[in-house]
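S.K.: Dropping the sequence and predicted coords here.
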Amino acid sequence: MLTRSDDLDILLTVVDSGGFSAAADTLNIQVARVSRAVSKIEQQLGVTILNRTTRRIELTDEGRQFVESVRTGLLQLQRAEDELVKRGELPQGRLRVDAASPFVFHQLVPLMQDFRQAYPDIMLELTSNEGYVDLLEKRTDVAIRIGKLNDSTLYARPLGKSALHIVASPAYIARRGAPQKVADLSGHELLGFTEPKALNRWPLKGSEEITPSISSSNGETLRQLALSGNGIACLSGFMINDDLAAGRLVTLLNQDKINVNDREQVNAMYYKSSTVARRISAFIEFIQPRLTL
């Protein structure tokens, strides 16, 4: 075999991420290392695999066929390794988990010590993305997502529901008063998301998309703003249940809330043919009964 599997893995990352710099960021290595690996493969095989321009990369015909074969071969190698691991008592290997940062902070981090004790040979990588993430491009094994699902190529494992709440801090209510009906919101400071805009349509009767006084792409930032008395926010229970129980936040307009099941669903997403199925199953089965949604 002329090429090394680690160089081939770098090549696949370049193809999947669309460039050398993106691949380096994904693998957390230097761009020069990525470039050397691809050039080395081309020199060893005596063919050009990637056509490079200043704007993009593109597979040659030979490169496309080679990459498809490499992907199949590495997948078979991974499956063979997993079969060997299955003979052991516990799953082991790397597991990359992605979730919005508030879910990581409030739901996953508190469980990590116990999970590591239960599965000491699973090496976890936790990443945070506030929006949709391409599992292949980001080298993610399982993504936890809240809300409506659209990607049919992924398998969805339901984890439960997390109710949405309209909330503000006692300090804000003392200063500005509490809205008694939906129309009263127009006279208040509202906290919302920069994107997606659909999150600014609150689950209230007759409510239209709000115009935030302060907006953020990050739910944890909005939570902190609400706790600091900056306004009223619509947040998921998974990040504020403790705040509600402790009185740091207060629910508002409960009489006007409407059912929005699709926005409250929490799912674990992964590819149906994933070669890390045992690790994923171990992770999901561990966290699901312990989540405080």
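M.R.: It's in.
S.K.: Extract the residue ranges of the chain that are flagged as low pLDDT.
M.R.: By pLDDT under 70, the weakly predicted segments of the chain are 1-4, 54, 81-89, 130-139, 150-153, 261, 272-276.
S.K.: Centre-most residue in it?
M.R.: The chain has Ala99 as the residue nearest its centroid, 3.0 Å off, counting by CA atoms, centre = their mean.
S.K.: Mind listing the residues bridging to it?
M.R.: Beta-bridge partners recorded for Ala99 (DSSP bridges): Ser128, Ile144.
S.K.: Could you pull up the residues touching it?
M.R.: Going by CB atoms under 8 Å, 6 or more residues apart in numbering, Ala99 touches Gln107, Leu108, Leu126, Ser128, Asn129, Ala143, Ile144, Arg145. (Each C-beta comes from the backbone N, C-alpha and C, glycine too.)
S.K.: and if we set it to 7 Å?
M.R.: When contacts are counted by CB atoms under 7 Å, 6 or more residues apart in numbering, Ala99 touches Leu108, Ser128, Ala143, Ile144.
S.K.: Tell me the one among the residues you listed nearest to Pro120.
M.R.: Closest approach to Pro120 among the contacts of Ala99 (CB to CB): Leu108, at 17.4 Å.
S.K.: residues near that closest one, how many?
M.R.: Counted with other CB atoms under 10 Å, residues neighbouring Leu108 total 20.
S.K.: just checking, it touches Leu126?
M.R.: Yes: using CB atoms under 7 Å, Leu108 is in contact with Leu126, at 6.4 Å.
S.K.: so how far is the helix or strand encompassing Arg79 from its chain's centroid?
M.R.: Here Arg79, judged by DSSP states H and E, is contained in helix 61-86. Counting by CA atoms, centre = their mean, to the nearest Å, helix 61-86 is centred 25 Å from the centre of its parent chain.
S.K.: let's have the chain start at 227 instead
M.R.: Okay, residue one is now 227; in that scheme the one you just asked about reads as helix 287-312.
S.K.: before we move on, back to that, from the contacts of Ala325, which two are the most distant?
M.R.: Greatest spacing in the contacts of Ala325, by CB to CB: Leu334 and Ala369 (12.2 Å).
S.K.: Can you show me the helices along this protein?
M.R.: All helices of the chain, identified by DSSP state H, fall at 231-243, 246-253, 257-271, 287-312, 327-329, 338-344, 396-402, 445-453, 463-472, 487-490, 503-513.
S.K.: Which of those sits closest to Pro429?
M.R.: Pro429 lies closest to helix 487-490 among the helices of the chain, at 7.2 Å (CB to CB).
S.K.: Which residues does the closest one contact?
M.R.: With CB under 7 Å, 6+ apart as the test, helix 487-490 has contacts from Gly373, Lys374, Lys387, Ser388, Ala389, Leu390.
S.K.: Would you mind listing which of the residues you listed are buried?
M.R.: Gly373, Lys387, Ser388, Leu390 (16 or more other CB atoms under 10 Å).
S.K.: In strands only, show me the residues you listed.
M.R.: Cross-referencing the buried ones among the contacts of helix 487-490 against strands under DSSP state E gives Lys387, Leu390.
S.K.: Quickly list what the closest residue to Ala452 other than its chain neighbours is bridged to.
M.R.: Nearest residue to Ala452, sequence neighbours excluded (CB to CB, 6 or more residues apart in numbering): Ala459, at 4.4 Å. Taking DSSP bridges as the rule, Ala459 bridges to Val393, Leu417.
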